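Undergrad: heads up, no residue letters with this:
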């Protein structure tokens, strides 16, 4: 039942997302001792003008 | 003040979303004893390559 | 795969939460046409000094 | 390390978002006594048919 | 309808949270041009062993 | 800037959480090609009566 939500910036390839969910799921199962079927991952891709650090949008950096 | 966030896969019709928010709100009010105006629902629609179970994206199933 | 996150104020009984997840799940299945097993609900209970509307904490109202 | 997630309706200009993240970050730093670099803000823009209050989508109001 | 979720580390005083929600709400209203009643803020306070950066829990730093 | 939020059931040891954030961060960096410092992980631990699947709380299973 680990439910994972990930905010990432847009621009990753499908292959990167495929590899990422596979490896993150394995890391969770290995350390929290749960079966892979129990792990859900939601990816939310952000535009650069929807993410800010230190009061500045990424699109302005 | 119940604030509800729902992640669903893309592809539902407007009619389905209209019915869903109506019935979910009623279910919350009936059981938690709050007025409908207190219930906010945020729907986030996911692409199939942004949701994974068991380490596999939905778009790969 | 609808994943629901609900923020509610603390103070509901176990019975209310049992009824609520049952009825909300039914409402989702009926309207979005998915099986009950596909619906996960996360409840997060807030203290009154962790929720604000109009710039004022609930504990101050 | 304050991490802020904001759901807003679509339609704000880039200038509004620039000003908003700047001023919200300043408000957090001033009151929680943390450096601006510690504050991340995620903006999620909703369509009007993905937000409901009182069981009604915004697109139906 | 801006709905704000804030993750902060535990340890802030009630006074800090009161000031923070007040000033953040004002910053949002001023920049996004919405009335204060439209702004909800959810605060979630994290223990230091529930937050990690660079693969290390805060409680280990 | 990947920001990860994880909901897990209560009951994991500190050691499990330490290993988990370390390995999940490595998995993300390896696949999304970002430096470890860019990865933040928020863990939220749920009580069994705050998580439901198929309309039933975990505490009732």
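TA: That came through fine. Every value quoted in this text rests on a predicted model; they were computed, and no experiment measured them.

Undergrad: and whichever residue of chain A sits closest to chain C, how far is that from residue A:49?
TA: For chain A and chain C, the shortest gap (Cβ to the nearest Cβ) falls at residue A:3, measuring 6.2 Å. Backbone N, C-alpha and C define where each C-beta goes, glycine included. Here the criterion is Cβ to Cβ, to the nearest Å. By it, residue A:3 lies 28 Å from residue A:49.

Undergrad: cool, and residue A:34?
TA: Distance from residue A:34 to residue A:49, counting by Cβ to Cβ: 37 Å.

Undergrad: same deal with residue A:36?
TA: Residue A:36 sits 36 Å away from residue A:49, going by Cβ to Cβ.

Undergrad: so which residues on chain A come close to chain D?
TA: Contacts of chain A with chain D, taken as Cβ under 8 Å from any Cβ of the partner chain, map to A:7, A:44, A:46, A:49-57, A:59-60.

Undergrad: got JSON lines for those, with distance to residue C:16 and pLDDT too?
TA: Putting the residues of chain A next to chain D into JSON lines (distance: Cβ to Cβ, whole Å; pLDDT from 0 to 100) gives the following:
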{"residue": "A:7", "distance to residue C:16": "32", "pLDDT": "98"}
{"residue": "A:44", "distance to residue C:16": "31", "pLDDT": "98"}
{"residue": "A:46", "distance to residue C:16": "36", "pLDDT": "97"}
{"residue": "A:49", "distance to residue C:16": "41", "pLDDT": "98"}
{"residue": "A:50", "distance to residue C:16": "36", "pLDDT": "98"}
{"residue": "A:51", "distance to residue C:16": "37", "pLDDT": "98"}
{"residue": "A:52", "distance to residue C:16": "38", "pLDDT": "98"}
{"residue": "A:53", "distance to residue C:16": "40", "pLDDT": "97"}
{"residue": "A:54", "distance to residue C:16": "42", "pLDDT": "97"}
{"residue": "A:55", "distance to residue C:16": "41", "pLDDT": "98"}
{"residue": "A:56", "distance to residue C:16": "44", "pLDDT": "98"}
{"residue": "A:57", "distance to residue C:16": "42", "pLDDT": "98"}
{"residue": "A:59", "distance to residue C:16": "45", "pLDDT": "96"}
{"residue": "A:60", "distance to residue C:16": "46", "pLDDT": "95"}
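
Undergrad: need the buried ones from those selected in PyMOL.
TA: The PyMOL selection below is limited to those of the residues of chain A next to chain D classed as buried (16 or more other Cβ atoms under 10 Å in any protein chain shown):
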select buried, chain A and resi 7+44+46+49+50+51+52+53+54+55+56+57
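
Undergrad: and which of the residues of chain A next to chain D is nearest residue F:17?
TA: residue A:7 (20.6 Å; Cβ to Cβ).

Undergrad: is it true that the closest one touches residue F:3?
TA: Yes - using Cβ atoms under 8 Å, residue A:7 is in contact with residue F:3, at 4.5 Å.

Undergrad: what is in contact with those two at once?
TA: Residues touching both residue A:7 and residue F:3 (Cβ atoms under 8 Å, 6 or more residues apart in numbering or on different chains): residue D:42.

Undergrad: what segments of chain A are strands?
TA: With DSSP state E as the definition, chain A shows strands at residue ranges A:3-9, A:40-46, A:51-53, A:56-57.

Undergrad: can I get those strands in JSON lines with distance to residue B:17?
TA: As requested, those are arranged in JSON lines below (distance: least, Cβ to Cβ, whole Å):
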{"stretch": "strand A:3-9", "distance to residue B:17": "21"}
{"stretch": "strand A:40-46", "distance to residue B:17": "18"}
{"stretch": "strand A:51-53", "distance to residue B:17": "27"}
{"stretch": "strand A:56-57", "distance to residue B:17": "30"}
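
Undergrad: now residue A:44. Nearest residue, chain neighbours left out?
TA: residue A:7 (5.1 Å; Cβ to Cβ, 6 or more residues apart in numbering or on different chains).

Undergrad: do residue A:34 as well
TA: Counting by Cβ to Cβ, 6+ apart, residue A:2 is the residue found nearest to residue A:34 once chain neighbours are left out, at 6.5 Å.

Undergrad: and if you look at residue A:12?
TA: Closest residue to residue A:12 apart from its sequence neighbours, by Cβ to Cβ, 6+ apart: residue F:32 at 6.0 Å.

Undergrad: hmm, that neighbour is touching residue A:13, no?
TA: No - with contacts counted by Cβ under 8 Å, residue F:32 stays clear of residue A:13, the gap being 10.0 Å.
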